[in-house]
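In: Make a model of this:
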Amino acid sequence: MLYIFCGFLFGLVIPYLARRIGKLMPATMGYILLRLFVPSHSVGYSKLENNLKYMNLFRRYVMRSVGWGIFTAAATYLFATDFGTGYEWWYITFLWILLLLVEIDKRFELLPDILTLPLLILGFAFAAQKGPWLATVDINFLSYTQNSVLGAIMGYVMPVIASMFIVWKYPDAFGGGDIKLLCSIGAWVGMEIIAYIILFSCIIFGFSCLINRMRAGPFGPSIVYATLILCLLLF
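Out: From the prediction side, this is the model:
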């Protein structure tokens, strides 16, 4: 129940965190934390309660927060119970950062370094304690840390190489934030699984474009969805 409760609470604030972080970019981590807890002055609620457009937006915001709360509670429970004991909060932290990045990228088409870089560092720290999360490479010739570093390198190099072949037609095929996100995830999952994540995320993005009839859009959510699906399937 603790995981469900904590997941629901974090999910409730995902839209708020995404809105604040997205609007404050570019900014340092210290300034972001300050503005999260001490927001700038805004128009009072009493002056807006008769504004029909604002109230409709507010209701949508509340429903979105509740939806994120329910989804995050369920995902947190799965991550905390399916991947063994002793490292639950590592997995939960990984999950929460990814979900927050989904909301930010959907709203602002932005994957801020203040989230992707800490995710990368945490991946290396996790590998030093336990080993890359989903790595299937024989560790007899690779240490856990080496596998994590190679996963990060592959997460960075593979999309760069792939974008070289399509940049002439699609200049923004892989944004810098997308590559940093893949690099960070590679540090968590190891050098072999990151290749499957890149491929699967491209497939998900392709289907999303077909369904929504669009030719471009944020790629970060597809990366996150591919990562979470593969994590659950592999375990």
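In: and the most centrally placed residue in the chain, what helix or strand is that in?
Out: Most central in the chain under CA atoms, centre = their mean is residue 98, positioned 2.1 Å from the mean C-alpha point. If you go by DSSP states H and E, residue 98 is part of helix 88-108.
In: just checking, what packs against that helix?
Out: helix 2-24, helix 52-82, helix 113-129, helix 176-189, helix 220-234 (3 or more CB pairs under 8 Å, 6 or more residues apart in numbering; DSSP states H and E). Any C-beta I mention is one placed from the backbone N, CA and C, and that applies to glycine too.
In: Give me the below-cutoff pLDDT ranges for the chain.
Out: 39-52, 54, 84, 131-142, 165-175, 235 (pLDDT under 70).
In: picking up where we left off before, quick check: closest non-adjacent residue to the residue nearest to the centre of the chain.
Out: Nearest residue to residue 98, sequence neighbours excluded (CB to CB, 6 or more residues apart in numbering): residue 224, at 4.6 Å.
In: Roughly how far does that neighbour sit from residue 83?
Out: 17 Å (CB to CB, to the nearest Å).
In: and the helices and strands packed on helix 88-108 as JSON lines, adding mean neighbour count and distance to residue 195?
Out: Listed next are the helices and strands packed on helix 88-108 as JSON lines, based on neighbours: other CB atoms under 10 Å; distance: least, CB to CB, whole Å:
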{"stretch": "helix 2-24", "mean neighbour count": "18", "distance to residue 195": "29"}
{"stretch": "helix 52-82", "mean neighbour count": "15", "distance to residue 195": "22"}
{"stretch": "helix 113-129", "mean neighbour count": "18", "distance to residue 195": "16"}
{"stretch": "helix 176-189", "mean neighbour count": "25", "distance to residue 195": "9"}
{"stretch": "helix 220-234", "mean neighbour count": "20", "distance to residue 195": "11"}
